[in-house]
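>>> got a predicted structure here, sequence first:
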There are 2 protein chains.
Amino acid sequence: MGLTKTANFTERQNQLAQMLKALAHPARIAIIDHLLKANECITGDLVEVTGLSQATTSQHLRELKEAGLLKGTIDGTSMNYCIDQAKWKENAAILKTFFIDVKFDETCC
Amino acid sequence: MGLTKTANFTERQNQLAQMLKALAHPARIAIIDHLLKANECITGDLVEVTGLSQATTSQHLRELKEAGLLKGTIDGTSMNYCIDQAKWKENAAILKTFFIDVKFDETCC
DNA sequence: GAATTTAATCGTAATATTGCATTATACAAG
DNA sequence: CTTGTATAATGCAATATTACGATTAAATTC
């Protein structure tokens, strides 16, 4: 069937999964890596970074933008991308709670 | 083609993407959520937690195990699952570097 | 040893993702 | 207005993921 049963899970679980999914591709990690260093850049730069076609890179950028991780502003004929800092910090807080602020008080199996 | 071009990216980018992909499904988040609270439990419990079939739940458990997030030990006819605490902390450190220890010294686009 | 319990695997179907070529659009420079 | 450059949109092919029923495997119970 291939259709995720969203209704089985909480809003938080679905949102967290979706955010992680947006990051779960090496090309998209590479894009984020570059933007964390470069602060901002245009699509053409990111095509070089990924080593993929313009069409494919554009698609990855769209996914990151739809997930709210990136912002883009038009700059002449170019598109200027950067990390959406507010959203990034929001997500970082969620991830911190889920992943990092975990206390294991018992050993197990 | 649907075949990710792994060769275009660094080892770290591929590994990080793979780890995030293992978590990028609400059922797998729900499984982790449960194990973080319960410390350990058997497959049957997790079938109830996900609300999916035993076969599907087992498949999700396999993905989490293959990603190194879970460990399982045989307990009679049951399988006892728990979080691999060492790997979890390793991944938490990687995620902390990538996501949380980020300084934005400029605003942008 | 037969029946039961529990979980993994196989086979199959539906849907999603990845990637590219091609086409369309938008704008700047000449 | 035409040409070149940058990005977006569309359509297609290959592969991956999600999900389930049926089957298999292993330990337990009777």
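Perfect, thanks for sending it. All values reported here derive from a predicted model rather than from experimental measurement.
>>> leaving out chain neighbours, which residue sits closest to residue A:24?
Across the structure, with CB to CB, 6 or more residues apart in numbering or on different chains as the measure, the residue nearest residue A:24 apart from its sequence neighbours is residue B:21 (3.8 Å). From N, CA and C alone the C-beta is placed, and that goes for glycine too.
>>> wait, is that neighbour part of a helix?
Yes - counting by DSSP: H, G, I helix; E, B strand; the rest coil, one finds residue B:21 located in a helix.
>>> how far away is it from residue B:84?
17 Å (CB to CB, to the nearest Å).
>>> what is the burial count for the residue in chain A that DNA strand C sits nearest to?
Proximity of chain A to DNA strand C (CB to the nearest atom of the strand) peaks at residue A:2, 2.3 Å away. The burial metric for residue A:2, expressed as a neighbour count using other CB atoms under 10 Å in any protein chain shown, is 3.
>>> do residue A:88 as well
Residues lying near residue A:88 (other CB under 10 Å) number 19.
>>> re earlier: contacting residues around the residue nearest to residue A:24?
Contacts of residue B:21 were listed using CB atoms under 8 Å, 6 or more residues apart in numbering or on different chains, and they are A:20, A:21, A:24, A:25, B:67.
>>> narrow the residues you listed to just the buried residues.
Judged by neighbour count, with 16 or more other CB atoms under 10 Å in any protein chain shown as the criterion, the buried members of the contacts of residue B:21 are A:20, A:21, A:24, A:25, B:67.
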